[in-house]
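K.L.:
Next one to model:
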Amino acid sequence: MVGKKVASFCIIIIGMLVTIPFNYIYGIGGFEVDAVWAIVGIVMIVSGVYLLTNKILGS
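P.N.:
Numbering: from 1, shown residues only. The predicted structure follows:
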């Protein structure tokens, strides 16, 4: 049970890191790159929070 909570936290943290605009780090230009990374990061954060709340409420 604890492992699933840790995995949910990891998904949230990775989602936050993904939302950092990597195009500035690697020199890739374009708004599309930012939009894609932001959407992926937001989806990861939301799924992590959803999984975490289900684990907390379910236990």
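
K.L.:
Now tell me which helix or strand of this structure has the poorest mean pLDDT.
P.N.:
Within the chain, confidence by mean pLDDT, DSSP states H and E is lowest for helix 22-26 among all helices and strands, at a mean of 63.

K.L.:
Not counting its neighbours along the chain, what's nearest Leu52?
P.N.:
Nearest non-adjacent residue to Leu52, counting by C-beta to C-beta, 6 or more residues apart in numbering: Ser8, 3.9 Å away. For the C-beta atoms, the positions are set from N, CA and C on the backbone; glycine is no exception.

K.L.:
Which strand or helix spans the closest residue to Val49 other than its chain neighbours?
P.N.:
Using C-beta to C-beta, 6+ apart and skipping the chain neighbours, the partner closest in space to Val49 is Ile12 (6.4 Å). Ile12 belongs to helix 2-18 when assigned by DSSP states H and E.

K.L.:
May I see the buried residues of that helix?
P.N.:
Within helix 2-18, the residues scored as buried using 16 or more other C-beta atoms under 10 Å are Ser8, Ile11, Ile12, Gly15, Val18.

K.L.:
Kindly indicate whether Ile20 is helix, strand or coil.
P.N.:
Secondary structure for Ile20, judged by DSSP: H, G, I helix; E, B strand; the rest coil, is coil.

K.L.:
Report how many residues lie close to it.
P.N.:
Number of residues near Ile20 (other C-beta atoms under 10 Å) recorded here: 13.

K.L.:
distance of it from Ala38?
P.N.:
Ile20 sits 10 Å away from Ala38, going by C-beta to C-beta, to the nearest Å.

K.L.:
in this protein, which helix has the most residues?
P.N.:
helix 31-58 (DSSP state H).

K.L.:
In that helix, which residues are buried?
P.N.:
Buried residues in helix 31-58 (16+ other C-beta under 10 Å): Asp34, Trp37, Gly41, Met44, Ile45, Gly48, Leu51, Leu52.

K.L.:
And the residue positioned nearest the centre of the chain, what's its pLDDT?
P.N.:
Per C-alpha atoms, centre = their mean, the C-alpha nearest to the average position across the chain is that of Gly15, at 1.5 Å. As predicted, Gly15 sits at a pLDDT of 81.
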